[in-house]
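*Asks:* Sharing a model prediction with you, sequence too.
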Amino acid sequence: MPAILPRAPIRDEQMKDAHAPPVTTELLVCVKCRRGQEAPEDDRRPGQRLYDALCAKELPAGLRLTPVECLQNCDNGCTVALRGGDRWTYIYGSINEVSQPDVILEGAKLYHATGDGLIPWRERPEHFKRNCVARIPPLTDNPAPEADKT
Ligand code: FES
């Protein structure tokens, strides 16, 4: 079972943004991704570098960063996931920890602005269009249809 590590705090100024939707968006970042590289155990892996690069940037309002130890997309890391509220969850892979932190934050900002998690196709960053590993529907209170008992 992958461990969930301590979270980076939401910055105070982000909490005060009156235009941000009330729901927090969580950006999960796998800090164990190797991105196909051999890295010594004591070295920072590409996933950790991606997380550190994101932490060093100003986060869009309402976004919380959470490091995790594996999102089960190890062969196609670096890997992140976007989730929060009653919205679709998206998992993205093949992220370059050096050149793409800004792309991830731009995508997270667009995701946060949605009510359902669906960024209009034309607005999606190219990397999101081509590297979506999976999407998961929001939790629903509707009961599942009864299974066919015949
Ligand atoms: S090590 Fe990053 S998804 Fe498994």
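*Replies:* Yep, that arrived.
*Asks:* Specify the beta-bridge partners of Val80.
*Replies:* Bridge pairing for Val80 (DSSP bridges) gives the partners Val29, Tyr92.
*Asks:* ok, it - contacts?
*Replies:* 27-30, 50, 71, 91-92, 95, 104 (Cβ atoms under 8 Å, 6 or more residues apart in numbering). Quick note: C-beta positions are derived from backbone N, CA and C, even for glycine.
*Asks:* In CSV: these, plus neighbour count and distance to Thr79.
*Replies:* What follows is the contacts of Val80, written out as CSV (neighbours: other Cβ atoms under 10 Å; distance: Cβ to Cβ, whole Å):
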residue, neighbour count, distance to Thr79
Leu27, 25, 11
Leu28, 21, 9
Val29, 28, 8
Cys30, 28, 5
Leu50, 28, 9
Leu71, 23, 5
Ile91, 20, 7
Tyr92, 26, 7
Ile95, 24, 7
Ile104, 25, 11
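*Asks:* which of those residues are close to the ligand?
*Replies:* 30, 71 (Cβ under 6 Å from any ligand atom).
*Asks:* The contacts of Val80 into JSON lines, with extra columns for pLDDT?
*Replies:* Listed next are the contacts of Val80 as JSON lines, based on pLDDT from 0 to 100:
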{"residue": "Leu27", "pLDDT": "98"}
{"residue": "Leu28", "pLDDT": "98"}
{"residue": "Val29", "pLDDT": "98"}
{"residue": "Cys30", "pLDDT": "98"}
{"residue": "Leu50", "pLDDT": "97"}
{"residue": "Leu71", "pLDDT": "97"}
{"residue": "Ile91", "pLDDT": "98"}
{"residue": "Tyr92", "pLDDT": "98"}
{"residue": "Ile95", "pLDDT": "98"}
{"residue": "Ile104", "pLDDT": "98"}
